[in-house]
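Asker: Structure for this input, please:
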Amino acid sequence: MGWRLARGWALGPLLWGCALALQGGMLYPRESPSRERKDLDGLWSFRADLSDGRRLGFEQQWYRRPLRESGPTLDMPVPSSFNDVGQDAQLRSFVGWVWYEREAVLPQRWTQDLSTRVVLRIGSAHYYAIVWVNGVHVAEHEGGHLPFEADISKLVQSGPLSSCRITIAINNTLTPHTLPPGTILYKTDTSKYPKGYFVQDINFDFFNYAGLHRSVILYTTPTTYIDDITVTTGVDQDTGLVNYQIFTQGSEHVQLDVRLLDADGRVVADGAGGRGQLQVPAAHLWWPYLMHEHPAYLYSLEVRMTGQTQDGPVADFYTLPVGIRTVAVTESQFLINGKPFYFHGVNKHEDSDVRGKGFDWALLMKDFNLLRWLGANAFRTSHYPYAEEVMQLCDRYGIVVIDECPGVGIVLPQSYGNASLQHHLQVMEELVRRDKNHPAVVMWSVANEPTSSLKPAGYYLKTVIAHTKALDPTRPVTFVTNSNFEGDLGAPYVDVICVNSYYSWYHDYGHLEVIQLQLRTQFEGWYRTYHKPIIQSEYGAETIAGFHEDPPLMFTEEYQKSLLEQYHLVLDQKRKEYVVGELIWNFADFMTNQSPQRPVGNRKGIFTRQRQPKSAAFLLRERYWKLANETRYHPSVAKSQCLGNSPFTL
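Answerer: Residues are numbered from 1 along each chain as shown. Predicted structure coming up:
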């Protein structure tokens, strides 16, 4: 479990071009001839620790015996947020420790075959999690949006077991040093508040949903196994280059064989050993949606490990989807496979009725069908990493991703200290390790709207950006700003400028006539200062479906459409120069904390929370399809525009 920085080895530029500095990690659990998986989705026993100090569960050691024996439990669906499932208002806004428990039935071979390794993987537990198996502590993890796992083989193979009891305690409290940060406000005026009263205060505009948001999985590997695979790709003329590095655990005496299969299952290249380069003549490149007649082409990298251990022969198999593509940035362009790429897409949230941030396949497919209907070719994972299955669908459908960490709401001076910085670096390592092989991921975003004018923020952002570039030199790095270009201390270190602005919404209320002037001033100031491509990473207006006024008034569907149209007039001018993308805020309405400014959540979606279109959705659909037709792939120039071995250049 865990990651480690590569030490003592370097990759030659002629063989590799670019290499990722992370090695070792958690391959997504896929079944193969040597691997099995058991999903633990469904109803878990659940209890919130309602004691004043939220520590009763630890004081009474609830993990030592079935949860029902220490008090009443609720049935809680996993994956889901716990907040909106029931009718208890106290639970909806609960802050502190909650406890989950599930009894998992194990196949007999898993408990008796000592050459089998059994692993428990938690896809996401927000925010801090502690895990026990049969009352034994096996793992802890900080961070609410990335997976972690534990080898539990010895626990389940220690005697005649047919099941194991999994207990997970989760604390959703946010502090100045978490990502995202927050503070606990204690209300001490006993004339207004009960004794011990406190609330969670946050500086971000979405609800702090909590719980087991993604699947909990048991899976197996042999005790000698493929631990990690790193792939980078390049193009030389019409030959695709697939550079691979494979890491194993359990024995040093293994043989590794790799094969690259095309979409029809034909072997197009093969190799041997722990690292190398596969050359694919007349390669099918991975292109974004609407940029090619056959977008999102994926090969399959089959890795076979065989070896001899003291217990006998061993074999492990893993198949990794691979997209061959290059990414590059110039002073005024973002290039994919050497061709200028224009981001026309959305910002999203993992958010829906009842489920909160819980993963749901039906909802995910609805969202992807809406994205394709819209003609969107990209989105940003605002403001945290999304489920691994989302990244896999982006690979499969050609939806380009700006992959953002949970660095949102970093506004307090104490959130720029060393403790916060070290945690931020750890989160970026986990994110890069998880998503490094996805062709859809073309850029890392290390934060959203930090107070980048503060002096400590400059050093902080510089350090996180540099660390991320060291982890992955193959992709550009950004953070999303809403600062003025003259005072942004982090902007000199990014590869692409991403700017959020809400002209005629958060100021100059209702005055649509000033948008064009202010937006042009914004773009021209940023480009004159930094000479880097710019993405309008957020813009929009709050809109309550069914509200209509003419002339347009704020919160009506007409106002949202008119505001977008004013932005589009300037974007159409500047995309011919150095603006390389536009991402609407937001794809769909989403839940926030209660406030007088938020009528049951944020209503800036072009779709309602139930995924029904507002008028702006049709406006945006017409625009995005027009943009796609203007920039559609032309086969005659494809070969001449492909890059060489280095997939990321500045």
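
Asker: those strands in the stretch 251-400 of the chain, which residues are they?
Answerer: For the stretch 251-400 of the chain, the strands defined by DSSP state E, counting those that start in this stretch occupy 254-261, 267-272, 275-280, 299-309, 312-322, 327-329, 334-336, 339-340, 343-347, 378-380, 400-404.

Asker: can you tell which of the ones you listed is closest to Pro160?
Answerer: Closest to Pro160 of the strands of the stretch 251-400 of the chain, according to C-beta to C-beta: strand 312-322, at 23.7 Å. Bear in mind the C-beta positions are built from the backbone N, C-alpha and C, glycine included.

Asker: which outside residues touch that closest one?
Answerer: The contact list for strand 312-322 (C-beta atoms under 8 Å, 6 or more residues apart in numbering) reads 27, 30, 32-35, 115, 221-226, 229, 231, 233, 242, 250-251, 254, 260, 298-308, 392, 395-396, 437, 439.

Asker: Name the strands paired with that strand and say parallel or antiparallel.
Answerer: Paired neighbours of strand 312-322 in the sheet (DSSP bridges): strand 299-309 (antiparallel).

Asker: Could you export the partner strand as CSV, CA atoms only?
Answerer: Taking C-alpha atoms only, strand 299-309 is exported to CSV below (Å, rounded to 0.1, in the frame of the first residue of the first chain):
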residue,chain,number,x,y,z
TYR,A,299,-5.3,-0.2,-27.3
SER,A,300,-4.9,-2.8,-24.6
LEU,A,301,-1.5,-3.4,-22.9
GLU,A,302,-1.5,-7.0,-21.7
VAL,A,303,1.1,-7.7,-19.0
ARG,A,304,2.0,-11.3,-18.1
MET,A,305,4.3,-12.0,-15.1
THR,A,306,5.6,-15.5,-14.6
GLY,A,307,8.1,-16.7,-12.0
GLN,A,308,9.3,-19.4,-9.7
THR,A,309,9.0,-18.9,-5.9
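
Asker: Going forward, the N-terminal residue is numbered 14.
Answerer: Fine by me, first position is 14 from now on; the one you just mentioned is strand 312-322.

Asker: Buried ones only from the contacts of strand 325-335, please, as a ChimeraX command.
Answerer: Burial among the contacts of strand 325-335 is assessed by 16 or more other C-beta atoms under 10 Å; the matching ChimeraX selection reads:
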select :40,45,47,48,234,235,236,237,238,239,242,244,246,255,263,264,267,273,311,312,314,315,316,317,318,320,408,450,452
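
Asker: ok, back up a step: can you tell which of the strands of the stretch 264-413 of the chain is closest to Ile143?
Answerer: Distance to Ile143, taken as C-beta to C-beta, is lowest for strand 413-417 among the strands of the stretch 264-413 of the chain, at 26.7 Å.

Asker: Where does pLDDT dip in the stretch 14-163 of the chain?
Answerer: Applying pLDDT under 70 to the stretch 14-163 of the chain flags the ranges 14-37.

Asker: Would you map the strands across it?
Answerer: Under DSSP E, counting those that start in this stretch, the stretch 14-163 of the chain gives strands at 17-18, 35-36, 50-52, 55-61, 87-91, 110-118, 129-135, 138-139, 141-146, 149-155, 161-164.

Asker: Let me know the angle separating the fifth one from strand 129-135.
Answerer: Put plainly, it is strand 87-91. Orientation note: strand 87-91 sits at an angle of 100 degrees relative to strand 129-135 (axes from the mean of the first three to the mean of the last three C-alpha atoms, to 10 degrees).

Asker: Strand 87-91: partners in the sheet, and parallel or antiparallel?
Answerer: According to DSSP bridges, strand 87-91 forms sheet pairs with strand 55-61 (antiparallel).

Asker: Buried residues of the strand it pairs with, list them for me.
Answerer: By 16+ other C-beta under 10 Å, the buried positions in strand 55-61 come out as 57-61.

Asker: Turn the residues you listed into a markdown table, including distance to Val229.
Answerer: Formatted as a markdown table, the buried residues of strand 55-61 follow (distance: C-beta to C-beta, whole Å):
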| residue | distance to Val229 |
| --- | --- |
| Trp57 | 8 |
| Ser58 | 13 |
| Phe59 | 13 |
| Arg60 | 17 |
| Ala61 | 19 |
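
Asker: out of those, which one sits closest to Gly136?
Answerer: Checking the buried residues of strand 55-61 one by one against Gly136 (C-beta to C-beta), the nearest turns out to be Trp57, at 13.8 Å.

Asker: Looks like Ser93 contacts Gly371 (just checking).
Answerer: Yes: Ser93 lies in contact with Gly371 (C-beta atoms under 8 Å); the separation is 3.3 Å.

Asker: picking that back up, out of the strands of the stretch 264-413 of the chain, which is closest to Leu633?
Answerer: So among the strands of the stretch 264-413 of the chain, strand 356-360 is nearest, using C-beta to C-beta, at 8.5 Å.

Asker: what about the helices in the chain?
Answerer: Taking DSSP state H as the test, the helices found in the chain are 69-72, 102-105, 121-125, 166-169, 374-387, 401-410, 431-448, 468-484, 528-543, 570-587, 628-643, 648-654.
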